[in-house]
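[1] Quick one: sequence and predicted model below, then my questions.
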Amino acid sequence: IQTDRLMAHSKGDDDRPKELVAQFWERDALSRFQREEPTVYGEYEQAALKRIDAAVETALAAPYPELPKAIPTEVGPLAWHRPEYTEKRRLNELLRDCFAQNMGQNERIVMIGEDICDPYGGAFKVTRGLSSAYPDRVWGTSISEAAIVGIGNGLSLHGMIPVCEIMFGDFMPLAFDQILNHAAKFPGMYNHQVQNPLIVRSPMGGGRGYGPTHSQSLEKHFLGIPHTIVLSVNHRYNPADLYDTLFREIEGPALVFENKLLYARHLSSETEPGFMLEHSDETWPTVRVRPESPPDITLLCYGGSLACAEKAQALAFDREEIVSEIICPVRLYPLDIRAVVDSLKQSGLLLIIEEGYSFAAWGSEVIARLTEYDPSLLRAVRRVSLPEYPIPCSGPLEAQALPNPDKVLNRIKEMFSHE
């Protein structure tokens with residue numbers, strides 16, 4: 001990792017001995033290129049200077065731009081409909097078929113990631129068969145999340161739609177610089193003359209005994225990045241519909257998180273008696289599990305936590321005769337609180353379930369937005385989340401640490417005991 005680093009920190013403050021710096025210049029690759037191929041070097045240099053001069057001239061002649069608007073959020077009352085999923089299929093199969101179909105329809109789509117090529121087909125078999133069908137558009141990479149997303153950034157600027165897979169969400173932070181300081185900023189830095197339709201998808205969550213570095217839910221660390229959409233897959237909304245919309249409409253970076261336990265789950269619209277599944281009419285729908293009677297409490301969750309919330313909903317109804325309504329958005333950012341507001345107007349009680357740590361989390365922002373919107377909506381609010389210590393490898397300890405239906409039920413009972 002030691003480097004000569006010519007020019008030091010800036011051009012004028014290199015305090016190293018001149019003889020030593022001269023040696024560095026002597027063996028520098030560009031210096032050698034200039035000495036050995038002066039004609040070609042001169043052509044490159046003149047072409048670069050010409051591009052720079054043209055860019056400066058264009059910039060000096062252009063008016064000052066206005067600040068761009070944030071990603072728009074839909075407004076007005078929500079409309080709801082009841083989905084019907086008659087064919088029960090595993091989510092990883094739905095994802096694989098969706099990617100295959102879209103790659104067949106759109107040659108701009110490419111797949112990048114570790115071990116995604118056949119015969120392995122990805123750690124969760126989502127990309128199985130894709131490299132055989134599209135060998136020139138599915139690329140297995142070395143183990144470098146920063147390189148995967150960095151290459152994706154370049155391809156997106158070049159007009160492609162790269163889908164970058166990070167095998168485990170725990171390693172998304174290694175690509176954070178490419179997301180925060182590059183993908184999110186390219187359009188603004190270039191005065192919105194470019195688009196970068198980058199998709200980064202990754203599994204999150206525990207429950208499989210993978211230990212503290214392969215079981216985390218780190219979504220909160222990627223929320224609030226300007227012009228970057230964050231989506232979360234759940235088992236009540238077809239992930240193929242999510243990606244179909246994304247491939248059709250994407251203009252900037254989008255992060256999609258897929259809970260590990262969901263890959264083997266079946267897509268289903270069946271609910272417990274007395275409850276009905278509904279989707280909102282938003283571009284990125286909110287899932288609602290609505291009771292037939294007005295709810296006593298609102299349960300808010302996302303992604304893989306929806307399964308936990310539904311089990312707790314049934315337990316609360318059967319054991320305690322407490323009626324709850326579940327709200328589960330697909331889009332985590334930008335945040336839309338309309339569905340939560342509508343539910344709280346009936347219940348006034350909010351319990352937030354999320355698998356990550358609760359400090360400065362998605363649920364925290366929901367509470368802040370609700371308070372800003374109308375403080376009188378919340379008679380009480382509580383959260384069920386991960387205790388602030390690493391997720392254990394031990395199965396029984398992991399089960400104790402992660403949110404589960406009994407924890408949610410106990411928190412519901414606690415809230416009503418204080419009513």
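    Structure's in. What do you need? Everything quoted here is computed from the prediction, not taken from an experiment. Numbering: from 1, shown residues only.
[2] low pLDDT regions in this protein?
    Applying pLDDT under 70 to the chain picks out residues 10-12, 419.
[3] Nearest residue to S343 in space, ignoring adjacent ones along the chain?
    In space, and not counting its chain neighbours, S343 is closest to T298: 4.3 Å by C-beta to C-beta, 6 or more residues apart in numbering. Glycine gets a C-beta too; all of them are placed from N, C-alpha and C.
[4] if I look at that neighbour, how far off is G206?
    Distance, T298 to G206, using C-beta to C-beta, to the nearest Å: 25 Å.
[5] which residues of the stretch 301-419 of the chain fall in strands?
    Applying DSSP state E, counting those that start in this stretch to the stretch 301-419 of the chain gives strands spanning 324-329, 331-333, 349-357, 380-386.
[6] so of those, which one's packed in deepest?
    strand 324-329 (a mean of 27; mean count of other C-beta atoms under 10 Å).
[7] Would you report the backbone torsion angles of the nearest residue to R236 once chain neighbours are set aside?
    The spatially closest residue to R236, leaving aside those adjacent along the chain, is V287, at 4.6 Å (C-beta to C-beta, 6+ apart). With angles defined as degrees, to the nearest 10, V287 sits at phi -90, psi 130.
[8] bridging residues for V287?
    Legend: beta-bridge partners of V287 under DSSP bridges are H279, C328.
[9] Tell me how many other residues surround it.
    The tally of other residues near V287 (other C-beta atoms under 10 Å) stands at 22.
[10] Then D318?
    Neighbours around D318, by other C-beta under 10 Å: 11.
[11] before we move on, what about A240?
    Count around A240 with other C-beta under 10 Å applied: 20.
[12] and the one helix or strand it maps to, which residues are buried?
    A240 is located in helix 239-249, with elements delineated by DSSP states H and E. For helix 239-249, burial by neighbour count (16 or more other C-beta atoms under 10 Å) applies to P239, A240, D241, L242, Y243, L246, F247.
[13] how about the strands of the stretch 151-300 of the chain, start to end?
    161-165, 199-204, 229-233, 254-259, 275-280, 286-291, 297-300.
[14] Nearest to S268, out of those strands?
    Closest approach to S268 among those is made by strand 275-280 (8.7 Å; C-beta to C-beta).
[15] ok, and what's touching the helix or strand that contains Q23?
    Here Q23, judged by DSSP H and E, is contained in helix 18-27. With C-beta atoms under 8 Å, 6 or more residues apart in numbering as the test, helix 18-27 has contacts from D4, L6, D14, S31.
[16] Farthest pair within these?
    Most distant of the contacts of helix 18-27, by C-beta to C-beta, are D14 and S31, 15.5 Å apart.
[17] Now do the spatially most central residue of the chain against S156, distance only.
    Centroid check for the chain by C-alpha atoms, centre = their mean gives L255 as the closest residue, at 2.9 Å. Counting by C-beta to C-beta, the gap from L255 to S156 is 13 Å.
[18] Return every residue with contacts to both of those two.
    By C-beta under 8 Å, 6+ apart, no residue touches both L255 and S156.
[19] Tell me how far the nearest residue to Y85 once chain neighbours are set aside lies from V289.
    Using C-beta to C-beta, 6+ apart and skipping residues adjacent in sequence, the residue nearest Y85 is S269, 4.4 Å away. Applying C-beta to C-beta, the value for S269 to V289 is 11 Å.
[20] quick one: which of the two has more around it?
    V289 (22 against 17).
[21] got the angle for the helix holding A240 vs strand 229-233?
    Relative orientation of helix 239-249 versus strand 229-233 (axes from the mean of the first three to the mean of the last three C-alpha atoms, to 10 degrees): 160 degrees.
[22] just checking, what packs against helix 239-249?
    On a contact count with 3 or more C-beta pairs under 8 Å, 6 or more residues apart in numbering; DSSP states H and E, helix 239-249 meets helix 91-105, strand 229-233, strand 254-259.
[23] Minimum distance to L218: which of the ones you listed has it?
    strand 254-259 (8.7 Å).
[24] buried subset of the contacts of helix 18-27?
    Counted by 16+ other C-beta under 10 Å, the contacts of helix 18-27 give D14 as buried.
[25] can you map out the helices along the stretch 51-200 of the chain?
    91-105, 130-133, 145-157, 176-178, 186-189 (DSSP state H, counting those that start in this stretch).
[26] could these be laid out in JSON lines, adding mean neighbour count and distance to Q400?
    Listed next are those as JSON lines, based on neighbours: other C-beta atoms under 10 Å; distance: least, C-beta to C-beta, whole Å:
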{"stretch": "helix 91-105", "mean neighbour count": "19", "distance to Q400": "27"}
{"stretch": "helix 130-133", "mean neighbour count": "17", "distance to Q400": "38"}
{"stretch": "helix 145-157", "mean neighbour count": "21", "distance to Q400": "30"}
{"stretch": "helix 176-178", "mean neighbour count": "17", "distance to Q400": "30"}
{"stretch": "helix 186-189", "mean neighbour count": "16", "distance to Q400": "44"}
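[27] Among these, which comes closest to D115?
    D115 lies closest to helix 130-133 among the helices of the stretch 51-200 of the chain, at 10.6 Å (C-beta to C-beta).
[28] Run through who's touching the closest one.
    R96, F99, A100, M103, G104, M111, I116, C117, D118, G121, V138, G140.
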